[in-house]
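have a look; sequence and predicted model below, questions after that.
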Amino acid sequence: MALSIAKIKPSIGAIIENVDLNQLNETELQDIQQALLDHQVIFFRGQKLTSQSQVALAKSFGSLHIHPIYPSIEDAPEVIVLDSHRTDLRDNELWHTDVTFSQTPPLGCVLQAIKIPEHGGDTLWSSGTAAFDHLDMDLQNKLRGLTATHDIRKSFPEERFATNDVEREKLNQTFKKNPPVVHPVVRTHPDTGRPILFVNEGFTTHINELGDKESAELLDFLFAHAVKEEFHLRWQWQEGDVAIWDNRCTQHKALFDYGDAHRIMHRATINGSVPYYHQQAS
């Protein structure tokens, strides 16, 4: 039986049915990979992946990333554990693109809902391609020539992630291994060729070619524009749900509106390549 793919919004998102992610054949895998390019984030209900299946699914897109801060599953170090009772996860409440503090930010992620609060805990995704497409042409042209700095410290401050000397030393070593990096403000999607607005509130600190005031004002505008309602969707999780998103062209944020309730997510992150901008011929 062929996959059933239902679009969620014109700019982003689709729900895929009639598939078991624990037992994918090659045709289904190719269809899923194409659906990800078409819709930027795709969802599957009631999958309940094993950690081995989650790793295998993520590896079908490329090699996997090991996060420098978050804990992982003991028998699957590629799968990080986002546990609201174990780790301060408030950095995820900012709109962000994962790990843009790296020279090679991830291609994408495979996220599974393990334990979900009775109320709250939704996740939102927004399309960077739609955001760029809806800027006026003069601003598009200005942004194409700019670069921005991304810094891990913006989302992982010492006062929240280093509560003792051991944690402080570990965090400082992580900072040393991950110095600030520079990426284009507009990147080209390596598979679709589409331009993407590539700044995010979580990690982007300033635009390098502008003065501090102009940089801050422009970034504030772009951060707000990138996540307008017409560009984003909101997903209400059920246990066993799986989301796959293209990290090259989306931002996301998790909502922490569930108090002390328990939320656990397992995430496998796919390695990416160096962002670049390629001017299309007119």
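Received the coordinates, thanks. Residues are numbered from 1 along each chain as shown.

use CA for all of it now, contacts and neighbours both
Noted.

next, count neighbours for Asn141.
12 (other Cα atoms under 10 Å).

give me the element it is part of.
Using DSSP states H and E, Asn141 sits within helix 137-144.

tell me the helix or strand right after that helix.
Following helix 137-144 in sequence order, the next helix or strand is strand 147-150 (DSSP H and E).

for that next one, buried residues please.
147-150 (16 or more other Cα atoms under 10 Å).

ok, the residue nearest to Arg248 when sequence neighbours are not counted - contacts?
Take Arg248 and drop its neighbours on the chain: the residue closest to it by Cα to Cα, 6 or more residues apart in numbering is Leu107, 5.8 Å away. By Cα atoms under 8 Å, 6 or more residues apart in numbering, the residues touching Leu107 are 246-248, 269-273.

could you list which of these belong to strands?
246, 269-270 (DSSP state E).

ranking these by neighbours, who comes first?
Thr269 (30 neighbours).

okay, now the closest residue to that one other than its chain neighbours: neighbour count?
Distances taken as Cα to Cα, 6+ apart place Cys109 nearest to Thr269, at 4.4 Å, with adjacent residues excluded. Cys109 is flanked by 22 other residues according to other Cα under 10 Å.

swap in Gly128?
32.

do the same with Leu24
Leu24 has 14 nearby residues by other Cα under 10 Å.

need the pLDDT of Thr89.
Heads up, residue 89 is Leu, not Thr. Per-residue confidence (pLDDT) for Leu89: 56.

let me fix that: His183
At His183, the pLDDT value in this model is 99.

hang on, it in a helix?
No. Membership of His183 in a helix is not supported by DSSP: H, G, I helix; E, B strand; the rest coil, which gives strand.

how far away is it from Arg144?
11 Å (Cα to Cα, to the nearest Å).

out of the ones in strands among the contacts of Leu107, which is nearest to Leu233?
Asp246 (14.2 Å; Cα to Cα).

quick check: closest non-adjacent residue to the closest one.
Gly108 (4.5 Å).

which element is encountered next along the chain beyond the lowest-mean-pLDDT helix or strand in the chain?
The helix or strand of the chain with the poorest confidence is helix 158-161; it has a mean of 62 (mean pLDDT, DSSP states H and E). Per DSSP H and E, the first helix or strand lying C-terminal to helix 158-161 is helix 165-177.

and that next one, what does it pack against?
Other helices and strands packing on helix 165-177, by 3 or more Cα pairs under 8 Å, 6 or more residues apart in numbering; DSSP states H and E, are helix 158-161.

can you name the residues bridging to Ile264?
Here Ile264 sits in beta bridges with Asp83, Lys115, going by DSSP bridges.

neighbours around it, how many?
Ile264 has 17 neighbours, counted by other Cα under 10 Å.

for it, which residues are in contact?
Contacts of Ile264 by Cα under 8 Å, 6+ apart are 81-84, 113-116.

can we see that at 7 Å?
Ile264 sits next to 82-84, 113-116 when contact means Cα atoms under 7 Å, 6 or more residues apart in numbering.

centre of the chain versus stretch 140-154, how much separation?
17 Å (Cα atoms, centre = their mean, to the nearest Å).

one more: stretch 95-109?
Per Cα atoms, centre = their mean, the centroid offset for stretch 95-109 relative to its chain is 6 Å.

report the mean confidence score over that stretch.
On average, stretch 95-109 scores 96.

start and end of it, how far apart?
16 Å.

buried residues in it?
Residues 95-103, 105-109 are the ones in stretch 95-109 that count as buried (16+ other Cα under 10 Å).

pipe the residues you listed into TSV and attach secondary structure and distance to Gly211 per row.
Below are the buried residues of stretch 95-109 laid out as TSV (DSSP: H, G, I helix; E, B strand; the rest coil; distance: Cα to Cα, whole Å):
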residue	secondary structure	distance to Gly211
Trp95	coil	24
His96	strand	23
Thr97	coil	24
Asp98	coil	26
Val99	coil	25
Thr100	coil	22
Phe101	coil	21
Ser102	coil	24
Gln103	coil	24
Pro105	coil	26
Pro106	coil	29
Leu107	coil	31
Gly108	strand	32
Cys109	strand	34
